[in-house]
Each structure stands twice: as C-alpha cells, then as structure tokens.
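Enquirer: Take a look and give me a structure for this.
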Amino acid sequence: MSILQILKSSFKSIFARKLRSILTMLGVIIGIMAVIVLVGIGQGTTSSVMENMQSLGGNIVTINFRSNNPTYDELKTMLQNVQTASITPVSSSQGTAVYKTNSESMSLTGTTATYLDSQSLTLMAGRFISDVDNENRSNVVVLGGTIAKSLFDDSYKALGKLLRINNVYYTVIGLLSSENSDVMNNSGNAVILPIATLQKSSVDKSISRAYVMGMKDTDGSVLANRINTVLLKTLTSNDYSTFGQEQVLETMSSVSNSLSLMLGGIAAISLIVGGIGVMNIMLVSVTERTREIGVKKAVGATTGAILKQFLIEALVLCGLGGVIGVGLAAILGSVVNSMGITFTGNAGISLLAFGISLLIGIIFGLLPAIKASKLKPIDALKYE
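Expert: Residues are numbered from 1 along each chain as shown. Sure thing, here's the model as predicted:
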C-alpha cells in the first residue's frame, strides 16, 4: 500500500469511531494547549517586568541598606565626590489611612521630588511632591490610582481632599497613574509623602533605600563601582548592597529561562499522559481489527505495510490533536490577555509543541503497530 492509501485508510478508521477518536486526542490537545499557554504566560510576565526595569534606565543604581543606615544628609555627604544627576532617598513606614467610613492599611513611602523620574512614574492628575514640600515638612500626599479609588470610590474625587493617616491630616495633591503598574512597580497602591514630613515625628531619620541616577553618559556598572568605593570608606559590605539595572536584567533573563523550562516540563506531563491514552486505544484497535489484519496479510499485505498503517494512524491522531491544541491555545491566550494576564504568543514554541505531539504519536504508536504487524494470518483469521 502507498502512503496515500494508508493515510486514507487511517482517516477512514478515525472518523468511523468519532467519539473514541476525540476522547483519545483530548489528552494530546490539553497537553499541547497547556505547554503553549503556560510558557506564553511565563515569557509574557517576564517580558513585562523586564520592560519596566529597562524603562528605569541603565544608569540608575539602587542601594539597599541593611544596617548602620545613614540619613539622607549623610548619604549625600558620602557621595559628594561621585558625579550624579540625582540621589533619591526612600524611608518606609506603615500606616492606616481613613476617609469618612473607608479605611486602608498601607505602606508609606517618604521621598523627594526626584522619585517620580527615578521610578519612571506618571501623574494622571495634580502634582508630585516638591523640594518646597520637603523644606516646609508639608502635610501633603500623592496617592496611586488604585488606593485612591478604594478610599474615595472615584480616584479623581481624592484630589484636594483631606486624608487622615495615623491620626494626622494630609492634603491629596496628586494621583499616580496605575496604567503601567506591575510586581516591580506597584504605583497603583503607592502612598508617597515628603521624606521630611514622614520623619518629623520620628527620632530615627535614617533611610532604607536610595536610587542614584548617574549623569547622562555614565555607564551603570561604572557608577556602581564608584558608589561602592566611596561607601566602603564608611560602611562595610554587610551594611548595604547595590545593584544596577543591567544586573537585574541579566537575573531576570536567567529566571525567565528557568521559569519557561519549569512550566513547559509541568505541561509536558499531560502530553505523556495523552500519549499513553493513544497507545491504549491503539492496542484496543489492534485487538478489534485482528480479523481485518489477517485478511490483509492473507491477500499479500507485508509486515511492514501493517506496521506503517497502525503507526500512521497514531501519528494522524496525535497530529490532529496537535493542530487543535495549537488553535485552542491561541484562543485561550487572547482570553488570558483580556483578563489582564500578560501572554506572549511564540510561533517557535507552537511549532515545537506540535512536533512533540507527532513524536508522542511515533513513540506511543510503535508498540501497537509492532503487535499488529506480528500477527500471523492463520491466527488472525481464526479470531472471533
């Protein structure tokens, strides 16, 4: 029999048992769909985070203090000989905000006017805190859009209103856009005060973090080296850590690859289960068609022809399952994106998943095909 004849015979056999064929393909369909969607979500999420990190610029170095935390003035003195465009301090605290009957527990961020640019944040209304606000220790606050909506029911209603935080009243002067908010930049839930205002009732004036932006043409790694050289004159390496955007991007790239492999491996398990289902049904098919195989062998069909027929049937089943799985994955990816979860379609992953489905057909279709090809005509013809 030619390959074309075997293909026709395979499709005829599959469509003769439609329900069983669909149920057999289901494992392959789910496996292919899971591989593509899970890997797509992993790559999409990582890509979103990396884009956000890149938007911060390559010449920003973050300093996290673990012990012996300096004050903002002390840090400026330490870095006075390092050429910087800006030094943005961050002091954090916890608080409870109340407006009428609405209240929210939140993390408070005390900082300066340069925080907006150093974190690539955008305002959707009002203004950001200024140097004058810090000089005067003004009771003003900038809210993220999400937290403003939670407290005031409508974000824009918050502007100009008095908000009570830890029993002190603050005027809402600005609203941050939460459009680009993600796990690395949760601007939607931000509550930002002048650092001098946050620290005025506290004995501890130290800062927990600082963002140092280099001059326009300064390389991030060069800036980090200069900062480390200066800080180590006063602090020890255990007191703080520094990292630049380049280091973060390299780490994220490594994490992305590991995440994609892990998600792909988990999804591949369902493909193997689907392959076992294909083998099981093909073995049943061999038993059901024992007499048919005997007749074909009696009229001259070779062992190789019978082997090819059952192997191609398994391939067709898995191939159809692969095509349907790829199509459904594209639809599910669009649904996932509409739900706000980042999904990145990848033609290479889709082709690889489809190729794996064909490989599953060969591997799990081989045993039934060999069993069918080894049947002796006399025994097969006697089978009832």
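Enquirer: Ser201 belongs to a helix, doesn't it?
Expert: No - the assignment for Ser201 (DSSP: H, G, I helix; E, B strand; the rest coil) gives coil, which keeps it out of a helix.
Enquirer: phi, psi of it?
Expert: The phi/psi pair for Ser201 (degrees, to the nearest 10) reads phi -100, psi 10.
Enquirer: just the strands in the chain please.
Expert: 60-65, 84-99, 102-111, 123-126, 140-144, 162-165, 168-176, 191-194, 209-214, 240-244 (DSSP state E).
Enquirer: which residues does the residue nearest the centre of the chain contact?
Expert: Central residue of the chain (CA atoms, centre = their mean): Thr45, 2.5 Å from the mean position. Residues near Thr45 by CB atoms under 8 Å, 6 or more residues apart in numbering: 341-342. Placement of C-beta: from N, CA and C, glycine included.
Enquirer: and the residue lying closest to Ile306 once chain neighbours are set aside, what does it touch?
Expert: Setting aside the residues directly before and after it, Ile306 is nearest to Ser373 in space (CB to CB, 6 or more residues apart in numbering), at 4.3 Å. Ser373 makes contacts with 303-304, 306-307, 310, as judged by CB under 8 Å, 6+ apart.
Enquirer: Compare these and tell me which is most surrounded.
Expert: Phe310 (27 neighbours; other CB atoms under 10 Å).
Enquirer: coming back round to it: can you tell which of the strands of the chain is closest to Asp153?
Expert: Asp153 lies closest to strand 102-111 among the strands of the chain, at 7.7 Å (CB to CB).
Enquirer: what helices or strands is that closest one leaning on?
Expert: strand 84-99, helix 145-152, strand 191-194, helix 195-199 (3 or more CB pairs under 8 Å, 6 or more residues apart in numbering; DSSP states H and E).
Enquirer: Let me see the mean pLDDT of that strand.
Expert: Averaging pLDDT along strand 102-111 gives 92.
Enquirer: So what are the sheet partners of that strand and their directions?
Expert: If you go by DSSP bridges, strand 102-111 pairs up with strand 84-99 (antiparallel), strand 191-194 (parallel).
Enquirer: Pick the most buried one from those strands.
Expert: Mean neighbours per residue, mean count of other CB atoms under 10 Å, is largest over these for strand 191-194, with a mean of 25.
Enquirer: Could you export that strand as PDB, CA atoms only?
Expert: Taking Å, rounded to 0.1, in the frame of the first residue of the first chain, the C-alpha atoms of strand 191-194 are listed here in PDB:
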ATOM      1  CA  VAL A 191       1.200  56.400  49.100                       C
ATOM      2  CA  ILE A 192       4.000  59.000  48.900                       C
ATOM      3  CA  LEU A 193       4.900  61.700  51.300                       C
ATOM      4  CA  PRO A 194       7.800  64.200  51.600                       C
END
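Enquirer: Contacts for that strand next, please.
Expert: By CB under 8 Å, 6+ apart, strand 191-194 touches 95, 97, 106-112, 115, 128-129, 133-134, 137-138, 140-144, 147, 165, 170, 176.
Enquirer: Report the mean confidence score over stretch 292-307.
Expert: The model assigns stretch 292-307 a mean pLDDT of 73.
Enquirer: Which positions within that stretch qualify as buried?
Expert: 293-294, 296-297, 301, 305-307 (16 or more other CB atoms under 10 Å).
Enquirer: so can I have CSV of these showing distance to Asp219?
Expert: What follows is the buried residues of stretch 292-307, written out as CSV (distance: CB to CB, whole Å):
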residue, distance to Asp219
Ile293, 72
Gly294, 77
Lys296, 73
Lys297, 75
Ala301, 72
Ala305, 68
Ile306, 68
Leu307, 63
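Enquirer: Can you tell me which of the residues you listed is closest to Ser237?
Expert: Leu307 (67.1 Å).
Enquirer: Roughly how far does that closest one sit from Lys161?
Expert: 79 Å (CB to CB, to the nearest Å).
Enquirer: Mind checking the helices and strands packed on strand 102-111 for the one nearest to Leu317?
Expert: Of all the helices and strands packed on strand 102-111, helix 145-152 comes closest under CB to CB, at 48.6 Å.
Enquirer: and that closest one with strand 102-111, angle?
Expert: If you take axes from the mean of the first three to the mean of the last three CA atoms, to 10 degrees, helix 145-152 sits at 140 degrees to strand 102-111.
Enquirer: which helices and strands sit right next to helix 145-152?
Expert: Using 3+ CB pairs under 8 Å, 6+ apart, helix 145-152 sits against strand 84-99, strand 102-111, strand 168-176.
Enquirer: Excluding its own residues, what touches it? List them.
Expert: 97, 99, 102-104, 106, 124, 143, 155, 158, 161, 163, 172, 175-178, 181, 187-191.
Enquirer: Give me the buried subset of those.
Expert: Buried residues within the contacts of helix 145-152, counting neighbours by 16+ other CB under 10 Å: 97, 99, 106, 124, 143, 155, 158, 163, 172, 175-178, 181, 187-191.
Enquirer: Quick one: residues contacting Ile356.
Expert: Per CB under 8 Å, 6+ apart, neighbours of Ile356: 32, 35, 268, 271.
Enquirer: can you pull the pLDDT of Leu261?
Expert: Per the predicted model, pLDDT is 73 at Leu261.
Enquirer: Next: Ala158.
Expert: 90.
Enquirer: pretty sure it contacts Val172?
Expert: Yes - contact between Ala158 and Val172 holds when scored by CB atoms under 8 Å: they sit 4.7 Å apart.
Enquirer: Next, show the common contact partners of those two.
Expert: 143, 148.
Enquirer: Could you check how many residues crowd around Thr146?
Expert: 17.
Enquirer: I misspoke; the intended subject was Ile147.
Expert: Using other CB under 10 Å: Ile147 sits among 23 other residues.
Enquirer: what separates Ile331 from Asn136, distance-wise?
Expert: Counting by CB to CB - Ile331 and Asn136 are separated by 57 Å.
Enquirer: The two - which one has more neighbours?
Expert: More neighbours surround Asn136 than the other of Ile331 and Asn136, with 13 against 10 (other CB under 10 Å).
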